[in-house]
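Visitor: Dropping the sequence and predicted coords here.
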Amino acid sequence: MVSEGWLEVKKTGIRPDEQYGRLIELEEKARAAGLGRWQPNADPKEHIRDITWSVENVQRFFDSNKKKPIKAVVEFVRDCCTVRATLLPDFYPAMIALTGIRGPSFKQDGSKDEYADEAKFFTESRLLQRDVEIILEGLNNNLLIGTIVHPAGSITEALLKQGFARCVDWSIGMYSGGADKLRAAEREAKEKKIRIWKNYEPAQINFREGEKHYTAKVVEINNADSITVKLASGQLKKIFISGVRPPKLAPGEEAAGPPKTGKEKFRPIYDIPFMFEAREFLRKKLIGQKVDVTLDYVQQPRAGEAERDFPERHCCSVVIGDTNVAEALLSRGLASIVFYRQDDEQRPSNYDVLLAAEQKAQAGKKGLHGKKTATGFRVADVSGDTAKAKAFLPGFQRAGKQEAIVEYVGSGSRFRILIPKSSCVVSLILAGVRCPKGSRMGPAGPNGPILPAEEGGEAALNFSKELAAQRDVTVEISDMDKVGNFIGWMFVEGKNVSLELVEAGHGSVNHYSAERSPYLSALEKAEANAKARKLGIWANFVESEAEVKTEDDHSDRSEHYKRVMVVETLPNLHFFAQNVEDGPKLEALMDNVRQEFSSNPPLQGSYAPKRGDVCAARFSDGQWYRAKVEALQGGKAEILYLDYGNRESTSVGNLALLPASLKSAEPFAKEYGLAFVREHTEDSDAEYAFGVLVKDGVPVLLNVEYGNSVTLLKSDTKADVAKTLITDGQVLLDHRKERRFQKIMEEYKDAQEQAKRSRKNIWRYGDITADDAKEFGMSGR
């Protein structure tokens, strides 16, 4: 200091010695060189620093310097994690607390934590009076939070590695170097059991290793932090999303909407602000999708009475694709983070990422963190209220098909649905089907006995849950019952739920509501198929002679012919036909489909089809058509073109997602079977002959006789197609016993006798009906 001219040697009161003489010599050299204070004509006032001893607006200072490296000199070390530094070049004095850690400290009463002196010395020996860089990362009650970077590295990480400090959750997300580095440094000290970790014992894992990772299908969203998944074994499992807490009412806060009166109940999903939005986010993203689940920890049930309220919880990290569900909820402000005890290691593995996500939502004032007073999702509960239901019914009937969300599945054919457009929740009973009841609450209410399920009731309930629970659906309400339940049709991805239940054998046709709809024939055919295959409730079904009758035997045969165009013929005398009157509607639909895919061409491989999907398919002409996926194998899909009846095997790359607005229309090609006739068991030309008669580009007249079986007349000659085939010896008469069919049976029988006598086609070797007997292995249809 003397040699640089900054200090003057004291001249009086000093006993001269060798060292004193050396200092005098150095001073003289500095004077001669004009160094420091010995500069010629130097004004001492010019070398007085203008120091700002306090910052008036700390927040503004922090905002202007956030995340920027600031050169500084450490002047004082209070403890290992807190220092006072002079910030250059403006000489701001500031207290800095290290980001993300906390170490042993000195108490105001004079006591101190173990290792406080050693930890303080560790920091002093490396930082005191040293040139460093400080990165400001946070502000807490006017105390600046930051990272001090020494040329040898970050003092924060060094303190953790030496066991002088521990990570703290509230500020670790601010650390510029990444929270994972701090966690790794702390973990290293824990493993070595040094200093503050000398008694450390790792947390015990309370689950089997095989339970930690698995893939499952999401079948229900229970809450904003809980879902039910279906494992590969078919088992249903309720899991909780670790690290998040669902929206809730603050103490003293009232539910959204007007005060509840009378029978109105508190409904958390609608009345708690952001609860519905959180549930909808999870529902739209997860329901029906496969997710990767990682079990983080098992929360044991609480002891005593509370055990019933807080059973064992499997807390998991749930990932779909590249998206962590907890992080997505927190970043949108649809949930809040769970703060764990500092020494609690039972937490999500990516907890620091979740902390950062919530901080981001708070900074953006999203969702729960917004300034505006939040309100719940206001809906009218119409279910079971006859007066309200009567008021809503006319509007529902006029509206036709409406978009809805299935909130709850009560049984195979009973649903609780939300209709967003009308902001109401209603009970819906499916039309056209009658399902056995599942187990249910008895007349005594919740405290009474549970009524047992009818045979097949639980299977029907599970089928409906799998198909429709919490799905976006289309409903068409036609009526209501005397207790306020609506009656109507429901469609999931274009599939009629009533028809799906009947087809799977989980319900029978309810003719009262089906006869007034266009779905009766399809339902009757589905029921007949289920009976024949002995599915579900028909497992023990034995068809009696009386049950062969499809309608009242004493009624007259009805004839209501309509013009159709046969577009595709199938084996067993089945075919697809389009109603001629529907031609303009079909053209309009196809125009909409082509416009949609011309404006929004799909990306190759962006759609993963599933069996039963209604989608768009590109035909060989390069145009897009509506199709249904019937089977998948490798990269190939077997599809049915819904509006034209033809089938095709095509690459899955030729399939695309069909917008919901284009799915709602019923298929324009409907499948029928030729009534009163059947093919001979041996090889015949019946299918070819039938195709020649009906696929000549000329419409035919169609009349429904029973179920999905019809008679056809040539529109120009009025010739009966089935009778023509019989007369030509291509098919056999399929006799019906109903009285109303006896006249046409006689006509067909005469035609068959004529073919026999003429030895036409199948009769060329004589009478073949003698071999059509049970002893020859025939069913005698």
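Guide: That came through, no problem. Quick caveat, the model's predicted, so the values are computed rather than measured.

Visitor: Wait, a helix at residue 136?
Guide: No. Residue 136 is assigned strand when assessed by DSSP: H, G, I helix; E, B strand; the rest coil, not a helix.

Visitor: Can you give me the end-to-end span of stretch 729-745?
Guide: Stretch 729-745 has an end-to-end distance of 16 Å (Cα to Cα, to the nearest Å).

Visitor: In the stretch 101-250 of the chain, where is pLDDT below threshold?
Guide: Confidence mapping of the stretch 101-250 of the chain against pLDDT under 70 gives the ranges 206-210, 250.

Visitor: for it, what spans make up the strands?
Guide: 101-102, 131-140, 143-150, 153-154, 166-167, 213-223, 226-230, 236-241, 244-245 (DSSP state E, counting those that start in this stretch).

Visitor: Distance of the residue nearest to residue 610 when sequence neighbours are not counted relative to residue 235?
Guide: Nearest non-adjacent residue to residue 610, counting by Cβ to Cβ, 6 or more residues apart in numbering: residue 629, 6.8 Å away. The way it works is simple: take the backbone N, C-alpha and C, and place the C-beta from them, glycine included. Computed as Cβ to Cβ, to the nearest Å, the residue 629 to residue 235 distance reads 27 Å.

Visitor: Please work out how many residues are found near the closest residue to residue 557 other than its chain neighbours.
Guide: Nearest non-adjacent residue to residue 557, counting by Cβ to Cβ, 6+ apart: residue 740, 4.2 Å away. Each residue near residue 740 was counted by other Cβ atoms under 10 Å, and the total is 17.

Visitor: what are the phi and psi angles of residue 740?
Guide: The phi and psi torsions at residue 740 (degrees, to the nearest 10) take the values phi -70, psi -20.

Visitor: ok, back up a step: most tightly surrounded among the strands of the stretch 101-250 of the chain?
Guide: By mean neighbour count, with neighbours taken as mean count of other Cβ atoms under 10 Å, strand 101-102 ranks first of these at a mean of 22.

Visitor: Check the residue most central in space within the chain and give its pLDDT.
Guide: For the chain, the residue sitting closest to the mean C-alpha position, by Cα atoms, centre = their mean, is residue 286 at 1.6 Å. We have a pLDDT of 93 for residue 286.

Visitor: you'd agree the residue nearest to residue 610 is up against residue 607?
Guide: No. With contact defined as Cβ atoms under 8 Å, residue 629 does not reach residue 607; the gap is 10.6 Å.

Visitor: any common contacting residues for the two?
Guide: Shared contacts of residue 629 and residue 607 (Cβ atoms under 8 Å, 6 or more residues apart in numbering): 615, 655.

Visitor: higher neighbour count, these two?
Guide: residue 629 (19 against 16).

Visitor: Give me the contact list for stretch 699-707.
Guide: So stretch 699-707 is contacted by 521, 524-525, 528, 550-551, 557-566, 577, 580, 672, 675-676, 694, 710-715, 718, 721, 736, 738, 741 (Cβ under 8 Å, 6+ apart).

Visitor: Contact partners for the residue nearest to the centre of the chain?
Guide: 218, 221, 227, 318, 320, 325.

Visitor: one more time with 10 Å, if that's ok
Guide: 217, 218, 219, 220, 221, 227, 229, 318, 320, 323, 325, 470 (Cβ atoms under 10 Å, 6 or more residues apart in numbering).

Visitor: Could I get the residues you listed in TSV, plus columns for distance to residue 636?
Guide: Shown next, in TSV, are the contacts of residue 286 (distance: Cβ to Cβ, whole Å):
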residue	distance to residue 636
217	24
218	28
219	29
220	33
221	34
227	33
229	30
318	32
320	27
323	30
325	33
470	32
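
Visitor: Pick the one among those residues closest to residue 277.
Guide: The nearest member of the contacts of residue 286 to residue 277, counting by Cβ to Cβ, is residue 221 at 12.3 Å.

Visitor: isn't that closest one right up against residue 281?
Guide: Yes. At 9.3 Å, residue 221 counts as touching residue 281 under the criterion of Cβ atoms under 10 Å.

Visitor: quick one: low-confidence parts of the stretch 251-400 of the chain?
Guide: 251-264, 302-310, 372-376.

Visitor: Now do stretch 596-609, average pLDDT.
Guide: On average, stretch 596-609 scores 85.

Visitor: list the buried ones in that stretch?
Guide: 596, 597, 602, 607, 609 (16 or more other Cβ atoms under 10 Å).

Visitor: List the contacts of the nearest residue in space to the first one that is not next to it in sequence.
Guide: Computed as Cβ to Cβ, 6+ apart, the closest residue to residue 596 that is not its neighbour in sequence is residue 659, at 6.2 Å. Residues counted as contacts of residue 659 (Cβ under 10 Å, 6+ apart) are 592, 593, 596, 597, 600, 616.

Visitor: and if you look at residue 713?
Guide: 559, 561, 700, 701, 702, 703, 719, 720, 721, 722, 723.

Visitor: Please list only the buried members of those residues.
Guide: Looking at the contacts of residue 713 with 16+ other Cβ under 10 Å, the buried ones turn out to be 561, 700, 701, 702, 720, 721, 722, 723.

Visitor: can you tell me the helix or strand for the nearest residue to the last one once chain neighbours are set aside?
Guide: Spelled out, it's residue 723. Distances taken as Cβ to Cβ, 6+ apart place residue 751 nearest to residue 723, at 5.2 Å, with adjacent residues excluded. Using DSSP states H and E, residue 751 sits in helix 742-757.

Visitor: re the thing from before, now the strands of the stretch 101-250 of the chain in TSV, with distance to residue 383?
Guide: Rendered in TSV, the data for these read as follows (distance: least, Cβ to Cβ, whole Å):
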stretch	distance to residue 383
strand 101-102	54
strand 131-140	50
strand 143-150	53
strand 153-154	61
strand 166-167	51
strand 213-223	19
strand 226-230	23
strand 236-241	25
strand 244-245	30
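
Visitor: still on that earlier bit, pick the one among the contacts of residue 713 closest to residue 133.
Guide: Nearest member of these to residue 133, counting by Cβ to Cβ, is residue 702, at 86.4 Å.

Visitor: The helix or strand hosting the closest one versus helix 742-757: what angle between them?
Guide: Here residue 702 is covered by strand 700-706, with elements defined by DSSP H and E. If you take axes from the mean of the first three to the mean of the last three Cα atoms, to 10 degrees, strand 700-706 sits at 110 degrees to helix 742-757.

Visitor: Which SSE is immediately downstream of strand 700-706?
Guide: strand 709-714.

Visitor: Could you export that next one as CSV, CA atoms only?
Guide: The C-alpha trace of strand 709-714 is given here as CSV (Å, rounded to 0.1, in the frame of the first residue of the first chain):
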residue,chain,number,x,y,z
SER,A,709,-85.5,-57.9,-44.1
VAL,A,710,-87.2,-56.3,-47.1
THR,A,711,-88.9,-57.0,-50.4
LEU,A,712,-87.7,-55.3,-53.6
LEU,A,713,-89.7,-54.4,-56.8
LYS,A,714,-88.1,-53.3,-60.1
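
Visitor: check contacts around the closest residue to residue 604 other than its chain neighbours.
Guide: Excluding its sequence neighbours, the residue lying closest to residue 604 (Cβ to Cβ, 6+ apart) is residue 653, at 5.6 Å. Contacts for residue 653 (Cβ under 10 Å, 6+ apart) come out as 602, 604, 605, 607, 618, 635, 637.

Visitor: Between which two of those residues is the distance greatest?
Guide: Among the contacts of residue 653, 602 and 635 lie farthest apart (Cβ to Cβ), at 16.5 Å.

Visitor: what is the mean pLDDT for stretch 667-680?
Guide: pLDDT averaged over stretch 667-680 gives 90.

Visitor: Nearest to residue 100 among the buried ones among the contacts of residue 713?
Guide: Distances from residue 100 to the buried ones among the contacts of residue 713, taken by Cβ to Cβ, are shortest for residue 702, at 77.3 Å.
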